[in-house]
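Asks: I would like to see how this sequence folds:
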Amino acid sequence: MGLVQDNGYPKPLLIASDVDGTLIDDDEMVSARTRAAVHAAVADGVPFVLATGRPPRWIAPVVDGLGMAPMTVCANGAVLYDSATDRVLAAETLSVETLTWVAELAKSVLPGCGLAAERIGATAHDAATPQFVSSPDYEHAWLNPDDTEVSDDEVVAYPAVKLLIRLPGIASSHMVERLAPLLNGRADLTYSTNNGLIELSAPGVTKASGLSALASRLGIDGGAIVAFGDMPNDVPMLSMARHGVAVANAHPDAIAAADEVTTSNSADGVARVLERWWAN
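Replies: Next up, the predicted model:
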């Protein structure tokens with residue numbers, strides 16, 4: 001691998017990528033081309049980090065696909081996770097009081113919705129902490145073998161890094177339109193699929209805040225980041241990065257926030273940008 005010197009783009013000091021719909025393809029695999037581009041950057045001393053809505057326990061397949069264990073911003077910025085050592089480095093949680101208030105509000109403006117909470121332990125698979133709990137009427141948006149079904153009251157009985165609200169049959173964007181004006185700054189609201197699922201974090205917690213905190217830990221200027229994403233939960237990160245890149249399959253909000261649009265996640269969009277600096 002060689003460093004490309006004259007492409008007109010300053011070399012980043014940190015690379016951050018969303019996972020689903022961005023880094024991995026539609027078969028949820030890391031392509032050989034993407035893996036090679038990431039490894040070339042890391043070999044040149046540039047850290048590569050994941051910034052995802054996924055919890056730490058869902059990072060292992062990405063680590064396997066990459067062939068390396070990166071630092072990770074999980075749960076839309078609420079958790080900093082070291083996948084190499086399986087350690088949660090920091091977490092921002094919603095309080096029980098706020099969870100209870102938001103849950104009651106959601107039930108009133110989104111009748112029929114189900115609730116779930118993502119909690120966090122000291123490691124990705126902390127057996128002492130039921131890490132995902134959901135109410136009986138919560139319909140999963142994807143396969144989730146980690147679920148523990150509890151009552152609505154129990155969903156909000158402990159601090160959580162994310163509160164998930166599910167209402168099948170309605171676009172997530174419409175759910176945001178109904179709920180966001182009523183939150184009064186008590187939680188940060190976003191979505192990573194438009195399939196009737198919205199996600200709430202503590203106030204001010206986004207992928208941008210998590211990535212900034214991680215860059216600070218690494219001693220890297222937050223203004224020297226290239227970031228990749230595809231959905232509204234990536235917008236804060238794409239906006240704060242020196243160079244934000246949306247993949248071609250991205251949501252219109254992510255494309256609007258980006259400095260550039262690359263090819264799709266299944267056409268090596270991330271690799272094509274990284275190859276400006278690191279190529280065969």
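Asks: CA atoms for contacts and neighbours, from now on please.
Replies: Will do.
Asks: quick one: contacts for D146?
Replies: Q131, F132 (CA atoms under 8 Å, 6 or more residues apart in numbering).
Asks: Low-confidence regions, this structure specifically.
Replies: 1-8, 143-145, 280 (pLDDT under 70).
Asks: Which stretches in it count as helices?
Replies: 32-43, 60-66, 96-109, 152-155, 172-179, 207-218, 235-240, 252-257, 269-274 (DSSP state H).
Asks: Output those helices in CSV, with distance to L164 appended to each entry.
Replies: Below are the helices of the chain laid out as CSV (distance: least, CA to CA, whole Å):
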stretch, distance to L164
helix 32-43, 31
helix 60-66, 22
helix 96-109, 10
helix 152-155, 10
helix 172-179, 11
helix 207-218, 16
helix 235-240, 19
helix 252-257, 21
helix 269-274, 28
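Asks: Put together a markdown table for these, with mean neighbour count and distance to K11 on each row.
Replies: Formatted as a markdown table, these follow (neighbours: other CA atoms under 10 Å; distance: least, CA to CA, whole Å):
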| stretch | mean neighbour count | distance to K11 |
| --- | --- | --- |
| helix 32-43 | 20 | 10 |
| helix 60-66 | 16 | 21 |
| helix 96-109 | 17 | 42 |
| helix 152-155 | 18 | 45 |
| helix 172-179 | 16 | 35 |
| helix 207-218 | 20 | 16 |
| helix 235-240 | 25 | 17 |
| helix 252-257 | 19 | 21 |
| helix 269-274 | 22 | 9 |
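Asks: how does this protein divide up, domain by domain?
Replies: The record assigns the chain these domain ranges, following automatic domain parsing: 2-91+206-279, 96-201.
Asks: Just the terminal-to-terminal distance for the shortest one.
Replies: Using CA to CA, to the nearest Å, the gap from the first to the last residue of domain 96-201 comes to 12 Å.
Asks: can you pull the contacts of the nearest residue to D259 once chain neighbours are set aside?
Replies: Closest residue to D259 apart from its sequence neighbours, by CA to CA, 6 or more residues apart in numbering: G244 at 5.2 Å. Residues in contact with G244 (CA under 8 Å, 6+ apart) are V226, A227, F228, G229, M237, L238, A257, A258, D259, E260.
Asks: For G244, give the beta-bridge partners.
Replies: A227 (DSSP bridges).
Asks: From G112, how far out is it?
Replies: Taking CA to CA, one finds G244 at 37 Å from G112.
Asks: repeat for A75
Replies: 25 Å.
Asks: Kindly report the same for R54.
Replies: Where G112 is concerned, R54 sits at a distance of 25 Å (CA to CA).
Asks: of these two, who's got more company?
Replies: Each of R54 and G112 has its neighbours counted (other CA atoms under 10 Å); R54 has more, 20 against 14.
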